[in-house]
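Colleague: coords please:
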Amino acid sequence: MKITTTTEHFTNPLYLESGRILEPYDLAYETYGELNDNKDNVVVVCHALTGSHHAAGLYEGEVKPGWWDGMIGDNKPIDTTKFFVICVNTIGSCFGSTGPMSAMYPTNEPYRLKFPVITVSDMVKAQRILFDRIGINRAHAIVGGSMGGMQTLCFAIEHPNFAKKHIILASTYATQPWAIAFNKVAKEALIRDPAFKDGFYDPADIKRDGLAGFATGRMCGHISYLSPRSMQKKFGRDYVETDGLYELFGKFQVERYLDYNGLNFVQWFDPLSFLYITKAINIFDATRNYDSLEDSLSRINSEIFLFSFSSDLLFLPKEMKIIEETLKKIGKENLVKYEEIQSDYGHDAFLVELEKFSGSVTKALEE
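Modeller: Residues are numbered from 1 along each chain as shown. Below is the predicted model:
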C-alpha cells in the first residue's frame, strides 16, 4: 500500500461559522493507494476527537500503526487496491493542521486562547477547500465514526453533490446533554489544574511532568467510550496483585487501567486542542441553521449508511435511528440504510470490533 503524507499551506482566509477568520492555515493529510485516471475512486475517511490524518499503515520506526489500520489497506475492508483513501487532520487538532498552539500570523507566538472557536462545519469546509486544490472534485464515499461521523453527515447536508455515499458509524445528528456533561467534567478538571496556567503552559513541561487535571478528564471521557459489560468482561473485580485490599490507595485493575490511559494521553495530545475540539463536538447540531432536522436532511441526495452500536452510551443507537426515520419521513427511504451492530464494547466498538461491521462497510462501498 502506497502511503503519502503531505501538509498544504493556505494563505486565503478561511471564513468560520463564528464570523471570525483563520488566515493563514495548514492542513495535514495522508493518502493511501492510487488515484485512478477518472479520479472516481476516492474514499474520504474522517477521524474522531483524538484521531489524526494517520489512519493506516506504519511510519518508519513506528510500532503502532494508524488508528484504523484494520480497516484501510490492500485487500482490507476499505481496499486500497481499489480505492484512493484520503484522511485529513482537522483544523484545531495538534497533529500538523493549524490549531491553538500554531503560530498566530504575523507573530511566532501561538494562538493559545486567541484561537477561534471552530465547528464541525468549519472542519468540513476546510477539507473541501483542500480537495479542490489537489484536484478532487468528487468522492466515491465518505466514511467516519464518532466526530468523524458528524463530519460525514455535514458533508452530506452541506456539500450534497460531493460524494455518492456517506457511511456514518457510532455518531449522532446532534450532541446530546449526556455527552456534553462528560465533556464538561473533563474540561473543568483540565482548566482548574494550576499547571494548565490559563492556557499558557509549556508543552515540554507537560510532557515531562504530566498534567493531572487533563489525565483525570481523559479518564472521565474514556469511561463514556466503554460499557458496563465490557468493563466487567475485561476487569471484573480483580485487584492489583501488589496492592493490599485494605490499603486506602490500593487499586482495582480497572482503576490502574484508567490511570494508565489518562497519564499516557497527556503525553501525546495537546490540552488546548482537546478543549477546542470538544467544544466543536458540543456545538454540533444538524438542525442548527435550519428550520428542523427534516429541513436539514432534505438537502441530502446521496446514499446514507448508518451503523450504530447496541452498547454505545455516548451516542445512543436511537440517535442514529432518528436520522433514518427522518429521511424516510421526508420521502428519502431509498437513500438510507440503518444497521444496529450488536456489541458489548460501547462507543469504541467502531475502533476495535471491526469484524462485526467491516463486511457491511465493504458492501456499502462496492454495491
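
Colleague: host element of the residue lying closest to residue 90 once chain neighbours are set aside?
Modeller: Nearest residue to residue 90 in three dimensions, chain neighbours excluded: residue 123, at 4.3 Å (CB to CB, 6 or more residues apart in numbering). Bear in mind the C-beta positions are built from the backbone N, C-alpha and C, glycine included. Assigned by DSSP states H and E, residue 123 belongs to helix 120-133.

Colleague: what distance separates the helix or strand that that helix is followed by from the middle of the whole chain?
Modeller: With elements assigned by DSSP H and E, the helix or strand that comes after helix 120-133 is strand 139-145. Relative to its chain's centre, strand 139-145 lies at 13 Å (CA atoms, centre = their mean, to the nearest Å).

Colleague: Buried residues, the helix or strand following strand 139-145. List them.
Modeller: Later in the chain than strand 139-145, the nearest helix or strand by DSSP H and E is helix 147-158. Residues 147, 148, 149, 150, 151, 152, 153, 154, 155, 156, 157, 158 are the ones in helix 147-158 that count as buried (16 or more other CB atoms under 10 Å).

Colleague: Give me the pLDDT for the fourth one.
Modeller: Looking at residue 150, its pLDDT stands at 98.

Colleague: Pretty sure it sits against residue 122.
Modeller: No - in this structure residue 150 lies outside contact range of residue 122 using CB atoms under 8 Å: 11.9 Å.

Colleague: and the closest residue to residue 179 other than its chain neighbours, how far is that from residue 190?
Modeller: Using CB to CB, 6+ apart and skipping the chain neighbours, the partner closest in space to residue 179 is residue 314 (5.4 Å). Counting by CB to CB, to the nearest Å, the gap from residue 314 to residue 190 is 19 Å.

Colleague: Also residue 339?
Modeller: 36 Å.

Colleague: Neighbour count for those two, which is higher?
Modeller: residue 190 (24 against 14; other CB atoms under 10 Å).

Colleague: pLDDT score for the more buried one?
Modeller: On the pLDDT scale, residue 190 gets 97.

Colleague: what do you get for residue 107?
Modeller: For residue 107, the model assigns a pLDDT of 93.

Colleague: how long is stretch 233-242 end to end?
Modeller: 21 Å (CA to CA, to the nearest Å).

Colleague: Adjust the sequence numbering to begin at 44 for everything that follows.
Modeller: Sounds good: first residue 44 from here, last item stretch 276-285.

Colleague: what comes up buried for it?
Modeller: Here stretch 276-285 shows 278, 282 as buried, counting by 16+ other CB under 10 Å.

Colleague: so who does the residue nearest to the spatial centre of the chain touch?
Modeller: Central residue of the chain (CA atoms, centre = their mean): residue 91, 0.9 Å from the mean position. Residue 91 is in contact with 187, 188, 189, 190, 191, 394, counting by CB atoms under 8 Å, 6 or more residues apart in numbering.

Colleague: Pretty sure it sits in a helix.
Modeller: No - counting by DSSP: H, G, I helix; E, B strand; the rest coil, one finds residue 91 to be coil, located in no helix.

Colleague: For it, give its distance to residue 251.
Modeller: Plainly put, residue 91 is 28 Å away from residue 251 if you go by CB to CB.
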